[in-house]
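Enquirer: I would like to see how this sequence folds:
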Amino acid sequence: MAPQLKSHPSPNHYDIVIVGAGPVGLMLSTCLARWGYKIKHIDNRPEPTATGRADGIQPRSLDLLRNMGLKSAIMAHKPARVYEVAFWDPPTGGKGIARTGTWASCPEFIDARYPFTTLLHQGLIERAFIADLEKNNTTVQRPWTITGFTSDEKADPEYPVSVELSHTDGTFKESVKAKYLFGGEGARSFIRDQLKIGITHKDPIAYVWGVMDGVVKTDFPDIKMKCTIHSEHGSIMVIPREDNMVRLYIQIASSTDPDFHPRKTASVEEVQESAKRILQPYSIEWERVEWYSVYPIGQGISDKYTLDHRVFLGGDACHTHSPKAGQGMNTAFLDALNLAWKIHAVEGGLADRKILETYEPERKDVAETLLAFDNKYAKLFSQRPPSGNEVAAATAKKSADSSVEENEFIKTFKESCAFTSGYGVAYKPNTLNWSPSHTAQSAVIHPSTTTLVPGRLFKNADVTRVVDANVVHLEQEIPLNGSFRLFIFGGKPSVTKQALTDLAANLSLPTSFYSAYAREDIASVSHHERHNPHSHFFTICTILASPRNQIEISRDLPELLARYKDNVYADDRWSKTHPEARAAAHVKMGLDEEKGGVVVVRPDGYVGVVVALEEGSKTVDALNDYFGAFVTKKLGAEAKL
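Expert: You can find the predicted model right below:
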């Protein structure tokens, strides 16, 4: 349940207008609709994507979709799952192609909950979001387009954005007012153009790619795996898909070609013939082709994501790159999520408007990293690599005296696994991500032993829920509800009893970050409210380093923490990453098994700050200092002045 939002002056006043119903627009709309916002969402297509387009969901995105309760709807379509990538190249001294190595698409060192890439066409993914929107009384208005807008905060501080909309056939027009406007209309963004925001092209080389989805008959042995194939006849990428389909990416032209033209095209038959040549000595025939497209790709990034923090851009409107690493839809999801919770924090009354200024640097930095990777990856994919024996040597365990240089393509692939899976995304220090330069300064902030890094994802861990003995994924226990997540690692109860008592007492003070944003309807909250009984902006989980059968919630926890009885856990599960640990989740976070600590996780799953759990007021004082850097009220000692 979201905080009570202000009513709107008229039916044509909205919290936000969202243009474009691709992945970025739908993610933003879904989050804000769930949190109670009034949305005008339009798309210029008469129907959702029918087939084709984006198809890869990376491990981190699958975590996010599960956290939203949408994973099961998507997995019901039985998408393909890619666990390994196979590399095929010309064999030494022979013709045709041969497998020269394989590599896990999400290696064990990443410690992913779902160590595979999920392949499913974009339309089915869109429909899962659209169904959720309808449950929250929000629909996508089709086929409508934006024809103009202005943003003037001086003229109207509350609803500064005026938007002109039109049915695509011109028969109907509509004028609306909004607090925000979001452009998720893709690479040819009208909103970006109207703002006169330029695109910086990172790589002058452009490519024309053909992409084909279909059902094939082939004796190629790795047709059910993701493959990168290089041959004397060209290069191709194989992507398995749902319903026995396979996707083939093939380069048609490059701007380095003497006869290059960005509009160069090729017929279905021409691409099929090219694929047949590349796959020799294996055969391939098409039973049917579901979707085919030829399109140019050039690397570009928007110079700005916003000019006034009222009109924002996201997804392909901000960054364009090759489809080879499967990052487009995944990056779009995280653009939208980053902006959604920050708008919610501002409009819900928790955070100062200045936190919206963190959207562009956080997400643009990720896009810059993506383009740097994509540049290297796309170039390597488009080149013929060294001979097969060199690639084989690269994939084998190398001896200390090996003089064979690793194949650059595979080396790049290995180095980039963390980034492409989504787990390697890191946000730099700012007001939300603590660092030594943050305004919050305390000896109890960021204990030296912690392995958590502010700006990086909270680590996954298995724990036992005390009330029902269910083994659960700790990182999934708090859904995407717009709240900051307070993970209180309570250590050994006999050691930390006083520290936990003091923590609860100081959280209960009206000047604490927690109590300062208490629910107005707190007296009537249901006994069964699990996540937000006290505040819409904070959810608490307590993890104790004891076996479940030795924990008594009412005895071991003070009343404030015990209220979250469904979010109390025993850290008693064995972990293969920390087999000797008695409390593996504590150890995985780098927290003392007996003394514990407190981890603040942003609503999007990234760590904000880690604080030691100590007796007295120091722990809450430090948390007040952290939150005090961006919330709307004075906290702690400042509130008393």
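
Enquirer: residues in contact with stretch 296-305?
Expert: If you take C-beta atoms under 8 Å, 6 or more residues apart in numbering as the criterion, stretch 296-305 is touched by 187, 192, 195, 197-203, 206-209, 262-263, 312-314, 317-323, 359-360, 363-364, 367-368, 371, 374-375, 378. (Each C-beta comes from the backbone N, C-alpha and C, glycine too.)

Enquirer: pLDDT below threshold where in the stretch 501-641 of the chain?
Expert: Residues of the stretch 501-641 of the chain meeting the criterion pLDDT under 70: 641.

Enquirer: all strands of the stretch 151-300 of the chain, in order?
Expert: In the stretch 151-300 of the chain, the strands defined using DSSP state E, counting those that start in this stretch lie at 161-167, 173-183, 199-201, 207-218, 226-231, 234-240, 245-254, 284-297, 300-302.

Enquirer: before we move on, back to that, please pick the buried ones from the contacts of stretch 296-305.
Expert: Buried subset of the contacts of stretch 296-305 (neighbour count, 16 or more other C-beta atoms under 10 Å): 187, 192, 195, 197, 199, 202-203, 206-209, 312-314, 317-323, 359-360, 363-364, 367, 371, 374-375, 378.

Enquirer: in helices only, show me those.
Expert: Within the buried ones among the contacts of stretch 296-305, residues falling in helices by DSSP state H are 192, 359-360, 363-364, 367, 371, 374-375, 378.

Enquirer: any chance of these in CSV, plus pLDDT and distance to Val601?
Expert: Output for these, formatted as CSV (pLDDT from 0 to 100; distance: C-beta to C-beta, whole Å):
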residue, pLDDT, distance to Val601
Arg192, 97, 32
Tyr359, 98, 18
Glu360, 98, 22
Arg363, 97, 19
Lys364, 96, 23
Ala367, 90, 23
Leu371, 82, 28
Asp374, 72, 29
Asn375, 71, 32
Ala378, 60, 34
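
Enquirer: among those, which two are most distant?
Expert: Tyr359 and Ala378 (27.1 Å; C-beta to C-beta).

Enquirer: where does the prediction get shaky in the stretch 151-300 of the chain?
Expert: Ranges of the stretch 151-300 of the chain meeting pLDDT under 70: 204-205, 262.

Enquirer: quick one: contacts for the residue most central in space within the chain?
Expert: By C-alpha atoms, centre = their mean, the chain has its centre lying nearest to Leu334, at 3.7 Å. Shown in contact with Leu334 (C-beta under 8 Å, 6+ apart): 61, 64, 363, 366, 422, 425, 604.

Enquirer: looks like the third one contacts Gly315 (just checking).
Expert: No. Judged on C-beta atoms under 8 Å, Arg363 makes no contact with Gly315 at a distance of 10.0 Å.

Enquirer: ok so, going back, Arg34: which of the strands of the stretch 151-300 of the chain is closest?
Expert: Closest to Arg34 of the strands of the stretch 151-300 of the chain is strand 173-183 (C-beta to C-beta; 16.2 Å).

Enquirer: avg pLDDT for the host helix or strand of the residue nearest to the centre of the chain?
Expert: Using DSSP states H and E, Leu334 sits in helix 328-347. Helix 328-347 shows a mean pLDDT of 95.

Enquirer: would you mark the buried spots in stretch 137-155?
Expert: Neighbour-count burial for stretch 137-155 flags 138, 140, 142, 144-146, 149, 151 (criterion: 16+ other C-beta under 10 Å).

Enquirer: about what we covered before: can I get the contacts of Leu334 in JSON lines including secondary structure?
Expert: As requested, those are exported to JSON lines (DSSP: H, G, I helix; E, B strand; the rest coil):
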{"residue": "Ser61", "secondary structure": "helix"}
{"residue": "Leu64", "secondary structure": "helix"}
{"residue": "Arg363", "secondary structure": "helix"}
{"residue": "Val366", "secondary structure": "helix"}
{"residue": "Gly422", "secondary structure": "coil"}
{"residue": "Val425", "secondary structure": "coil"}
{"residue": "Asp604", "secondary structure": "coil"}
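
Enquirer: top of those by neighbour count?
Expert: Using other C-beta atoms under 10 Å as the neighbour test, the contacts of Leu334 are led by Ser61, with 27 neighbours.

Enquirer: re the thing from before, tell me which of the buried residues of stretch 137-155 is nearest to Trp286?
Expert: Arg142 (32.1 Å).

Enquirer: can you give me the strands in the stretch 451-600 of the chain?
Expert: Listed in chain order, the strands of the stretch 451-600 of the chain (DSSP E, counting those that start in this stretch) span 462-465, 471-473, 484-491, 538-544, 568-570, 597-601.

Enquirer: quick one: list the elements packing against the fourth one.
Expert: Meaning strand 538-544. strand 484-491, strand 568-570 (3 or more C-beta pairs under 8 Å, 6 or more residues apart in numbering; DSSP states H and E).

Enquirer: got the contact list for the closest residue to Arg81 other than its chain neighbours?
Expert: Among residues not flanking Arg81 along the chain, Phe116 sits closest, at 4.4 Å (C-beta to C-beta, 6 or more residues apart in numbering). Contact analysis of Phe116 by C-beta under 8 Å, 6+ apart lists 59, 81-83, 105-106.

Enquirer: ok, of those, which come out buried?
Expert: By neighbour count, with 16+ other C-beta under 10 Å, these hold 59, 81-82, 105-106 as buried.

Enquirer: so which of those residues belong to helices?
Expert: Short answer: these in helices (DSSP H) are Pro59.

Enquirer: among the buried ones among the contacts of Phe116, which are in strands?
Expert: Using DSSP state E, the subset of the buried ones among the contacts of Phe116 located in strands is 81-82.

Enquirer: between the buried ones among the contacts of Phe116, which sits nearest Met225?
Expert: Taking the buried ones among the contacts of Phe116 together and measuring to Met225 by C-beta to C-beta, the closest member is Val82, at 6.7 Å.

Enquirer: surely Val346 and Glu357 touch.
Expert: No. Val346 is not in contact with Glu357 according to C-beta under 8 Å; the separation is 10.9 Å.

Enquirer: quick one, what contacts the nearest residue to Glu84 once chain neighbours are set aside?
Expert: Excluding the flanking residues, the one nearest Glu84 by C-beta to C-beta, 6+ apart is Thr102, at 4.9 Å. For Thr102, the contact set (C-beta under 8 Å, 6+ apart) comprises 84-87, 225, 395.

Enquirer: overlap in contacts of Arg363 and Gly315?
Expert: Common neighbours of Arg363 and Gly315 (C-beta under 8 Å, 6+ apart) are Asp335.

Enquirer: circling back to that earlier point, adjacent strands (with direction) for the host helix or strand of the residue nearest to Glu84?
Expert: Assigned by DSSP H and E, Thr102 belongs to strand 98-104. Strand pairing for strand 98-104, using DSSP bridges, gives strand 84-89 (antiparallel).

Enquirer: quick one on the thing from earlier: of the contacts of Phe116, which one scores lowest on pLDDT?
Expert: Lowest in pLDDT among the contacts of Phe116 is Ser105, which has 85.

Enquirer: Glu614 versus that one, what's the distance?
Expert: Separation of Ser105 from Glu614 (C-beta to C-beta, to the nearest Å): 43 Å.

Enquirer: same check, this time on Gly94
Expert: Gly94 is 68 Å from Glu614, by C-beta to C-beta.

Enquirer: that concludes my questions; thank you for your assistance.
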